[in-house]
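Undergrad: fold the following for me, if possible:
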Amino acid sequence: MQWGSDAVAAVIRELGFEYIALVPGSSFAGLHDSLVNYLAQDPPLLVCLHEEHAVGIAHGYARVTGKPMLAILHSNVGLMHATMAFFSAWCDRMPVVVIGANGPLDARQRRPWIDWIHSARDPAAMIRSYTKWDDMPMSVEAAVDSMMRATQLACTPPMGAAYVVLDMADQDRELAAPVALPDKRRLAPPELPGPTPADVERVHAFVRAAERPLLVIGRCSRDLDAWNARIALAEALNARVITDFKVGASFPTDHPLHVGLPAVRAMGEQLEVVRSADLIISLESVDLGGMLKRAFGTGSVPPRIVNVSLDRYVTNGWSFDHQAQPPADLDLPLAHELLVPALLQALQVPDRTTRPAHAVVSDAVGLDAGPIGLAAFAAALEAELAGIEHSYSRLPLGYNEGAPFVFRHPLDYLGGDGGAGVGIGPSLAIGAALALRGSGRLAVGVLGDGDYLMGVQAIWTAVKYEIPVLIVICNNRCYYNDVVAGEAMAIRRKRPVENKWAGQMIDEPAPDLAALARAQGAEGIGPVTDIPSLRDALRQGICSVQEGKVFVIDVVVDPELDKRR
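TA: From the prediction side, this is the model:
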């Protein structure tokens, strides 16, 4: 350990990061040298083509593992590229640790021009409102401490990104003696806060008095025991269950107690079940207040509400991602994955570690040679993946309505992107695929064309580092979410609905999405325009990914075909 950056590299290894995603930059040249020469690229470096991809890949990795991956960004300009990825990780409550770097804080050491425009007095101000913690340590020893704290806080629920800014001069400081590393065992994240016996008894009393209980399940870990415990609780209470399409799979969607399909917003049958319930137990729901408003308007909420959530601990005044304030008869700031087993014990439910087998998805998909609708697309995808363990890193917004995607395991679906933006889908898919590599589970990202086009260069990183992933593009050649909004606006204003497509299309010319994948070394097929061709392409893609490759399929989908039928 000779240089300041060697000490930071040593603590990175000590903290157990398995990968480092980065876009190289001169502001952390010292650290880069230490990672390559002092650590001999252990952990390995994953070069990315855009800073948003570096943080997005780390985000995708965390969604599978629950553990942080390290990303490194160049000075203020790299951070500006990555801001949306920080926001997505924040809204998704996922742990990411990010190292940034600043030009020499001592102005006398700055090189003319470049070090001045790549330095900032407070770079973290750009992302502080949607980051768990940040620091700009002023010595090598402080940088080591900051990395320990950043990792601890990123992993403390509610989780999120932490950002540490290194000074160029400190990285290049020659050390008189090695820097002592703190004992990471004594700086581990704290245990999750669980329920007291009184908490369990109060929930138990509500349950005993309920005749029509409802579980509303939101953010959860990928832990299979916790998944099984939620199933056991719903069955013990004979409670209906509503899950959320915005977050990862939390309950089997084909279970008899599950209401409808996972939804971005509660609708139809789900709202009827909310209205008829006499007890609602919310387990870290993303938007319980919004669901109740959709069900009851601005009037009173008749059912009793038990709200179990830690989310208040990251609520701040900048972002409104905390959603509407829900009423609660019992508000418990604790980890629901500890409450559920305690409640099962109080209910004297025997342990069940295995669940009943589910029927295999039907292979009855029509061989329609005409345009592909959303339902047929989803059915073809599910049919070809039947019998293959797979994880959807993302499904496009709105594709849950009428689409037969079925989730039977906590890794079957990893949720939306958190921030409801566009462009992070490819890097989330690659990060998840990295975490799943070697697990036997196929990584699948189902992306919209706009999302794919904004983040397509992330595919190069997957190809370079042999991260097998299947990316299927639902290509409607437009920004269809805004087409729907345009239609609603036209109807409200009594203006021509047929103009809803104006200013929305990604067509004439249609980008060659498969060629963009091939240009980065991946295999690409498309555009695919009928179900037989889609099924052939899926079979080819699945085989290719199982052989360790990156495969992209461009599928032209008519988003309104099912409506017209």
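Undergrad: which pLDDT value goes with the closest residue in space to Leu513 that isn't next to it in sequence?
TA: Distances taken as Cβ to Cβ, 6 or more residues apart in numbering place Asp554 nearest to Leu513, at 4.1 Å, with adjacent residues excluded. To be clear about C-beta, it is placed using only N, CA and C from the backbone, and glycine gets the same treatment. pLDDT recorded at Asp554 is 98.
Undergrad: how close does Asp554 get to Gln457?
TA: Separation of Asp554 from Gln457 (Cβ to Cβ, to the nearest Å): 16 Å.
Undergrad: quick one on the thing from earlier: for the residue nearest to Leu513, grab the count of nearby residues.
TA: Neighbourhood size, Asp554 [other Cβ atoms under 10 Å]: 26.
Undergrad: and it, its phi and psi?
TA: Dihedral angles of Asp554 (phi, psi; degrees, to the nearest 10) stand at phi -100, psi 110.
Undergrad: distance of it from Gly418?
TA: 26 Å.
Undergrad: ok, Ile281 next?
TA: Per Cβ to Cβ, Ile281 is found 24 Å from Gly418.
Undergrad: compare the two (neighbour count), which wins?
TA: Ile281 (30 against 24).
Undergrad: what helices and strands are in contact with the helix or strand bottoming out on mean pLDDT in the chain?
TA: The weakest-scoring helix or strand in the chain, judged by mean pLDDT, DSSP states H and E, is helix 561-564 (a mean of 77). Under the contact criterion of 3 or more Cβ pairs under 8 Å, 6 or more residues apart in numbering; DSSP states H and E, helix 561-564 touches helix 374-385.
Undergrad: mean confidence for the helix it packs on?
TA: On average, helix 374-385 scores 91.
Undergrad: before we move on, the earlier item: give me the buried positions along the least confident helix or strand of the chain.
TA: Going by neighbour count (16 or more other Cβ atoms under 10 Å), the buried part of helix 561-564 is Leu561.
Undergrad: all strands for the stretch 351-500 of the chain, in order.
TA: Using DSSP state E, counting those that start in this stretch, the strands of the stretch 351-500 of the chain run over 390-394, 442-448, 469-475.
Undergrad: got these as TSV, with distance to Arg492 and mean pLDDT columns?
TA: Formatted as TSV, the strands of the stretch 351-500 of the chain follow (distance: least, Cβ to Cβ, whole Å; pLDDT from 0 to 100):
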stretch	distance to Arg492	mean pLDDT
strand 390-394	31	96
strand 442-448	25	97
strand 469-475	28	97
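Undergrad: how about the ones you listed in JSON lines, adding distance to Ile424 and mean neighbour count?
TA: Shown next, in JSON lines, are the strands of the stretch 351-500 of the chain (distance: least, Cβ to Cβ, whole Å; neighbours: other Cβ atoms under 10 Å):
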{"stretch": "strand 390-394", "distance to Ile424": "9", "mean neighbour count": "26"}
{"stretch": "strand 442-448", "distance to Ile424": "10", "mean neighbour count": "27"}
{"stretch": "strand 469-475", "distance to Ile424": "13", "mean neighbour count": "28"}
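Undergrad: now for those, which one comes closest to Ala125?
TA: Nearest of those to Ala125, taken as Cβ to Cβ: strand 390-394 at 30.2 Å.
Undergrad: pretty sure Asp134 belongs to a strand, no?
TA: Yes - under DSSP: H, G, I helix; E, B strand; the rest coil, Asp134 sits within a strand.
Undergrad: for it, give me its contacts.
TA: Shown in contact with Asp134 (Cβ atoms under 8 Å, 6 or more residues apart in numbering): Ala124, Ile127, Arg128, Ala162, Tyr163, Val164, Val165.
Undergrad: pretty sure the fourth one contacts Ala150?
TA: This means Ala162. Yes - with contacts counted by Cβ atoms under 8 Å, Ala162 reaches Ala150, the gap being 3.7 Å.
Undergrad: so what sits against both of those two?
TA: Counting by Cβ under 8 Å, 6+ apart, the shared contacts of Ala162 and Ala150 are Val97, Trp133.
Undergrad: can you give me the helices in the stretch 1-150 of the chain?
TA: Remark: helices assigned in the stretch 1-150 of the chain by DSSP state H, counting those that start in this stretch are 4-14, 29-33, 51-65, 75-92, 114-117, 140-154.
Undergrad: Gly370 - how many residues pack around it?
TA: So Gly370, with other Cβ under 10 Å, has 12 neighbours.
Undergrad: before we move on, what about Gly438?
TA: Neighbours around Gly438, by other Cβ under 10 Å: 8.
Undergrad: and the residue nearest the centre of the chain, how far from Glu284?
TA: With distances taken as Cα atoms, centre = their mean, Asp417 lies nearest the centre of the chain, 4.6 Å away. Asp417 is 18 Å from Glu284, where distance means Cβ to Cβ.
Undergrad: cool, Ser119 as well?
TA: 40 Å.
Undergrad: what does the pLDDT read for Leu367?
TA: pLDDT, read off for Leu367, is 53.
Undergrad: equivalent analysis for the one 4 residues further on, please.
TA: As predicted, Pro371 sits at a pLDDT of 88.
Undergrad: quick check: it touching Leu561?
TA: Yes - with contact defined as Cβ under 8 Å, Pro371 counts as touching Leu561 (5.5 Å).
Undergrad: and stretch 218-235, what's its mean pLDDT?
TA: The average pLDDT within stretch 218-235 is 96.
Undergrad: now do the buried residues in it.
TA: 218-222, 226-234.
Undergrad: just those now: which is nearest Leu105?
TA: Distances from Leu105 to these, taken as Cβ to Cβ, are shortest for Arg219 (38.3 Å).
Undergrad: and the closest one, how close does it get to Val422?
TA: Distance, Arg219 to Val422, by Cβ to Cβ: 22 Å.
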